[in-house]
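Visitor: Could you work out the structure for the sequence below:
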Amino acid sequence: MTWKEAYPDIPLGQDACGIIAMAEKSGKPSHRIVRRTLESLYRMAHRAGAIRGEGDGTGIQTDIPRELWADLLDKAGLDPNLAHNARFFVGHFFLPKKEEAQAEAFFAQLRREGQSLGVRPLLFRRGEVASEVLGPVGRRTEPLFLQVAGLSPDGDAPLWELGLRLEAQFPVHVVSLSTHTVVYKVRGSAELLKRYYPELSRPEFKSTMAIGHNRYSTNTLSTFEQVQPFGLLGHNGEINTIERLRREMDFLGIPRTGGSDSQDLNRMLEGLLYRFGLSLPEAMDLVFPPVLGEIKGLPEELQDLYLALRQRFGPLAQGPAAIVSRHRDEAVFATDAMGLRPLWQFETPYEIVFSSERGVFSAEEFVSEPKPLAPGEKVYLRLTPEGAKVLPFDRHQRLVLERMAARTPVAGYRIHLQGPLRSAPPPLAGGSEAQVEERPAPPPLGLERAYGWDRWDQAYLEALTKTGNEPIGSLGYDGPLAALNPEKPNLSEFFKETVAVVTNPAIDREREIEHFSTRTLLGRRPLPDGRDGGRVEELLLPIVLEEDQALAEAFGTLTLAEVRARFKTRTLVPQFAVEEGLLAGLKRLEEEAVRAVEEGAEVLLLSDREAFQGGIWIDIGLAVAAVNRALMRRGPDGVALRRKTSLLVHSGGVRNLHDLAFLLGLGAEAVAPWLMEEKARALEGRKGVAGALEALRKGLEKVISTMGIHELRGYGRIFSAIGLKAELAEYFGTRNFLGSEGVGYGFLELERTLLEREGFLRAEKVLPAKDFRFNPRIYKAAQEVASGQAPYAHFQEKVRSLERESPVAARQLLEVRFPERSGVAPEEVDLSVGGHSLPFVISAMSFGSQGEASFRAYAEAARRLNMLCVNGEGGEIPDMLGKYTHWRGQQVASGRFGVHAYMLNSASVIEIKIGQGAKPGEGGHLPGKKVSPKVAAARNAVPGVDLISPSNNHDLYSIEDLAQLIEELKTVNPKALVSVKVPVIPGIGTIAVGIAKAGADVITLSGFEGGTGAARLHALKYAGLPVEIGVRRAHRALVRAGLRDKVEIWADGGLKTAYDVLRMVLLGADRVGMATMAMVAIGCTICRGCQLDTCHVGITTQIQTVEEALAHGLKRFVPQDLERAVEHLVRFF
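Guide: The predicted structure is shown next:
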């Protein structure tokens, strides 16, 4: 049993924290360091989370208190001088109290395992704690605190192996196990730490250095073992690439902890030190490398170093972070490459300090001006008897260079900066040759259908080839989930991408573009210490072309012929024979992959071009997942076969950006989309291929930016499935919603689909796959209700009939069981919520995206109905300020357009927009042609100028930042509720708890189907989850955390009817938002061109008259009438 198994109800998640590290300048141990570190943690209490006054956790790492242990050894009849021996170790362990009976067995097994590793335990004891000081949750999760002391002649490496063996056999958490340091931590506030561990207050408890950590957990509950510091580090931040980092742990044979991202980061560093023999500075530079832009500005020898380290490891620990780390007498302090979490360096007369806050000491105590570490900066500190020695970043880099070069050569690696190596540039096509270029015939439609293409994919690729950019659309996504799609799409369609929310924000690609990289590696990468490498090529783009070497070079990539010429390549065909079946074919493919790598293949070419020749195609996503899983088999060196090769996917099933990101996330190093390349060439020739490559490059940057990642190599399985059977979902290793062993799309259904697909190649007539949409089939019925031509029941029955016939959303499968008889008449039902008569909200739409008449109509209708209407990020029309206060919500988002104190006081709700369902992790763009003088005045902008909202709020990089903004808004308007709007993603329950602890009054959950504004078509279709999944999970998480009564849950995203409202309320929502239906009520015809400023019914345009419309080239235009629009809205709602 593991610790996680012992506490199955405690979900894992993220946290954001306060950290402090302090070293004695003199190098002599003192109790002052311990006391001052504890006091600093008290002063950073605002960086710790709490539920009903009970803190999330705090901890401290110190030297082994040798005087204290000498006394304990003496009392046990052992030689007290052993405590001062360099081989003396101390271990701290947590064992769940319900496993107390195993304590003696644990000690006995520790002795046996220790002996096999050369470790000699001398003293076992139950550590002294004061349980009575804990809060109720702390008491519930309090473990036994066990201590062990002994001798380890070979240092910390065998102790680490001992800890791994014990964790595999007992539900024990190794708090610390070292010849140098110990860790004390508690589930509670900072002031609780020394009360819970009395020995921390003893004068003889001395240390030369201490690391302290306050935890702000966004978990539903925190536990003792999740509290920091861990054995090597204290970490304030999020590892956005944690899935990819954990995969690298699996490759290298470093066991996962089963805990948080910070725990696995600590475990990875331990593995690099104890399995591969690296020092702490080397390991930190390996795991947290500089961005490429900085590497290019370094001296050549350092360029060599960091390009070598990128091959050995890479940017697999991206995300906002400040880190304080220590191993033996060395310490390294660092910030993430983007500098998104603060870490200050300063000195007092006695200490060298690194802290999240300058204010842990008074300014009078500083003997140097506090200095923030720059993005990606590292500072090295060494403890010596003569005093603490500090090396700045440049000297730290030289130290790492010296140590790494002593292991294996690093010279010459800088040649990889420019991409694939070529002895001579290929001939470029001349202008005259380009003019007479013959475009090939387009691929047969039957071939496209066999590989899963539909009309949406065809239109998407056409836009890429013509513009070099992704296409834009409006009004959300109202097509079916893959599990409900009668066209039986490829497996990639069952997956939705995840984005960063609150504690690990998205990155602003447009303003941070110099940090972004879509590079990938092909070949056999060396181990972290430089051993066992083969040929490696660094591609600037993970897309390999079938032909056109010159174009490949222009994009920094290779052609298939070049890959085959440079690497030992083995081709695998993802197909199965009809007589063997899908599962048997998949098993055969896995065995072929294993055999190929064992025989030395440096690149596995998974090619489906001939998959239908003599067999049936295996869905390429499943093939990649299966091969990756099979190659986790370890070789004699303990390293997975997968790390000894690269996977190049040559597939006709790659139809769009999502497919590309999906395959790369599953583990492919590069993709050669042969059918996409052929179609692009047939559409627009070479220019079309170049346009598609450019659009896909920018698209990949956009995808990773929404997850707070700036280098593609860190992108992993950051997506989740909807509606797969467990047997199939298991192959992908991701979260799977609304599927089980018996329900969903499984191997049987998939095999049937793939067999049917083969028939398209033989059919005489093939039609394109349909792209069904829901809203165009219902908007007229809604408008009949709004205009008074039909009762509401007419519209609702129209929708319900379509839901039964062609459901597109999971919630449409939910049927409410009404009692046969009700004792309440409809007119007696109370629908009021919080001073409003209805539980409806007209969701946020801004002035600018909406025309003036429609914008005013929403607010006035809400007033007449006594319900809420939220203004989007676009300021308020001046004469509306204060007119609708009780019925108005005002939005504060990343652009802060038109935000001022008067506006914030003209609302009963202030909504902080972290993200929205239509384009989670992305910002907004109001074209200059829609910025009229009135719009500019409301937004405090200049008429005719494009207005850009960044993808993230640049003052929100942690949960503490969010708490501060909530407090500021409540100070500006104490009467308003503060709402935080977030997109629905897999960890939404965890996030909802963090938002509630930050002080929000409302959590608005935005599903992926919704949205009235413009967004990339890719984002509309593939990013985020349905709102019904989010409501259920957030509600349950808040209930378990004891916070549900503190916040309201609002839900929006594709909701259409009163029946939808009922469904959401039954799942846990307090109010339900609609925006698209508000637009439909006043005349929207679902043309999906809201961003074009050509709305022919006057809703999403600043055109107000027929004359203006004619001047803009509109052939048909019906201006909005304010009073009529208000009447329609009142009637509809």
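
Visitor: top helix in the chain by residue count?
Guide: helix 674-706 (DSSP state H).

Visitor: Which residues are in contact with I991?
Guide: T218, V501, V502, T503, V982, I985, A1034 (Cβ atoms under 8 Å, 6 or more residues apart in numbering). C-beta: built from backbone N, CA, C; applies to glycine.

Visitor: what ranges do the helices span in the stretch 601-750 of the chain?
Guide: Secondary structure of the stretch 601-750 of the chain by DSSP state H, counting those that start in this stretch: the helices cover 620-630, 657-666, 674-706, 726-732, 747-758.

Visitor: export these to JSON lines and tack on distance to H1128?
Guide: As requested, the helices of the stretch 601-750 of the chain are exported to JSON lines (distance: least, Cβ to Cβ, whole Å):
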{"stretch": "helix 620-630", "distance to H1128": "45"}
{"stretch": "helix 657-666", "distance to H1128": "37"}
{"stretch": "helix 674-706", "distance to H1128": "36"}
{"stretch": "helix 726-732", "distance to H1128": "45"}
{"stretch": "helix 747-758", "distance to H1128": "44"}
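
Visitor: okay if I get those helices as a markdown table plus mean neighbour count and mean pLDDT?
Guide: Shown next, in a markdown table, are the helices of the stretch 601-750 of the chain (neighbours: other Cβ atoms under 10 Å; pLDDT from 0 to 100):
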| stretch | mean neighbour count | mean pLDDT |
| --- | --- | --- |
| helix 620-630 | 24 | 98 |
| helix 657-666 | 26 | 98 |
| helix 674-706 | 22 | 97 |
| helix 726-732 | 19 | 95 |
| helix 747-758 | 17 | 97 |
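
Visitor: out of these, which comes closest to V978?
Guide: Across the helices of the stretch 601-750 of the chain, V978 has its closest neighbour in helix 674-706 (24.5 Å, Cβ to Cβ).

Visitor: now the angle from the closest one to helix 657-666?
Guide: Calculated by axes from the mean of the first three to the mean of the last three Cα atoms, to 10 degrees, helix 674-706 forms an angle of 70 degrees with helix 657-666.

Visitor: returning to what we had before: pick out whichever of the contacts of I991 sits closest to V1106.
Guide: Among the contacts of I991, and counting by Cβ to Cβ, the member closest to V1106 is V982, at 41.5 Å.

Visitor: Name the SS class of the closest one, please.
Guide: Taken by DSSP: H, G, I helix; E, B strand; the rest coil, the conformation at V982 corresponds to strand.

Visitor: Wait, it touches G989, no?
Guide: No - checked against Cβ atoms under 8 Å, the pair V982 and G989 is beyond contact range at 11.7 Å.

Visitor: which strands and helices sit next to the host helix or strand of R570?
Guide: Secondary structure from DSSP states H and E places R570 in strand 569-572. Packing partners of strand 569-572 (3 or more Cβ pairs under 8 Å, 6 or more residues apart in numbering; DSSP states H and E): helix 582-598, strand 603-607.

Visitor: could you check the angle strand 603-607 makes with the first one?
Guide: So that's helix 582-598. 150 degrees.

Visitor: what's the angle from helix 582-598 to helix 747-758?
Guide: Using the same axes, to 10 degrees: helix 582-598 against helix 747-758 is 90 degrees.

Visitor: quick one, helices of the stretch 801-950 of the chain?
Guide: According to DSSP H, counting those that start in this stretch, the helices that the stretch 801-950 of the chain contains are 852-865, 901-904, 933-939.

Visitor: chain center to the shortest one, what's the gap?
Guide: Read it as helix 901-904. On the basis of Cα atoms, centre = their mean, to the nearest Å, helix 901-904 sits 33 Å off its chain's mean C-alpha point.

Visitor: by contact count, what packs against that helix?
Guide: strand 888-892, helix 959-972.

Visitor: Buried residues of it, list them for me.
Guide: Neighbour-count burial for helix 901-904, counted by 16 or more other Cβ atoms under 10 Å, picks out M903, L904.

Visitor: What average pLDDT does it get?
Guide: If you average the pLDDT over helix 901-904, you get 96.

Visitor: can you check the first one too?
Guide: Per-residue confidence for helix 852-865 averages out to 98 on the pLDDT scale.

Visitor: likewise the last one?
Guide: Helix 933-939 shows an average pLDDT of 92 in the prediction.

Visitor: Contacts for it, please.
Guide: 847-848, 852, 874-878, 897-898, 926, 931, 941-945, 947, 1102.

Visitor: Give me the buried positions along that helix.
Guide: By 16+ other Cβ under 10 Å, the buried positions in helix 933-939 come out as K934, V935, A936, A938, R939.

Visitor: can you check the first one too?
Guide: By neighbour count, with 16+ other Cβ under 10 Å as the criterion, the buried positions of helix 852-865 are 852-863, 865.

Visitor: quick one on the thing from earlier: which of the helices and strands packed on helix 901-904 sits most buried?
Guide: The highest mean neighbour count among those, using mean count of other Cβ atoms under 10 Å, belongs to strand 888-892: a mean of 25.

Visitor: Give me the angle between it and helix 852-865.
Guide: Taking the same axes, to 10 degrees, one finds strand 888-892 and helix 852-865 inclined to each other by 130 degrees.

Visitor: Pairing partners for strand 888-892, with directions?
Guide: strand 868-871 (parallel), strand 909-913 (parallel) (DSSP bridges).

Visitor: got JSON lines for those, with mean pLDDT and mean neighbour count too?
Guide: Output for the strands paired with strand 888-892, formatted as JSON lines (pLDDT from 0 to 100; neighbours: other Cβ atoms under 10 Å):
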{"stretch": "strand 868-871", "mean pLDDT": "98", "mean neighbour count": "29"}
{"stretch": "strand 909-913", "mean pLDDT": "96", "mean neighbour count": "26"}
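
Visitor: Among those, single out whichever gets nearest to Q458.
Guide: Nearest to Q458 among the strands paired with strand 888-892 is strand 909-913; the distance by Cβ to Cβ comes to 34.0 Å.

Visitor: Of all the helices and strands packed on helix 901-904, which one is nearest K725?
Guide: The closest of the helices and strands packed on helix 901-904 to K725 is helix 959-972. By Cβ to Cβ, the value is 36.1 Å.

Visitor: what residues does that closest one touch?
Guide: With Cβ under 8 Å, 6+ apart, helix 959-972 has contacts from 16, 18, 46-47, 49, 216, 218, 502-503, 892, 901, 904-905, 910, 912, 953, 955-956, 976, 978, 980, 994-995, 997-1000.
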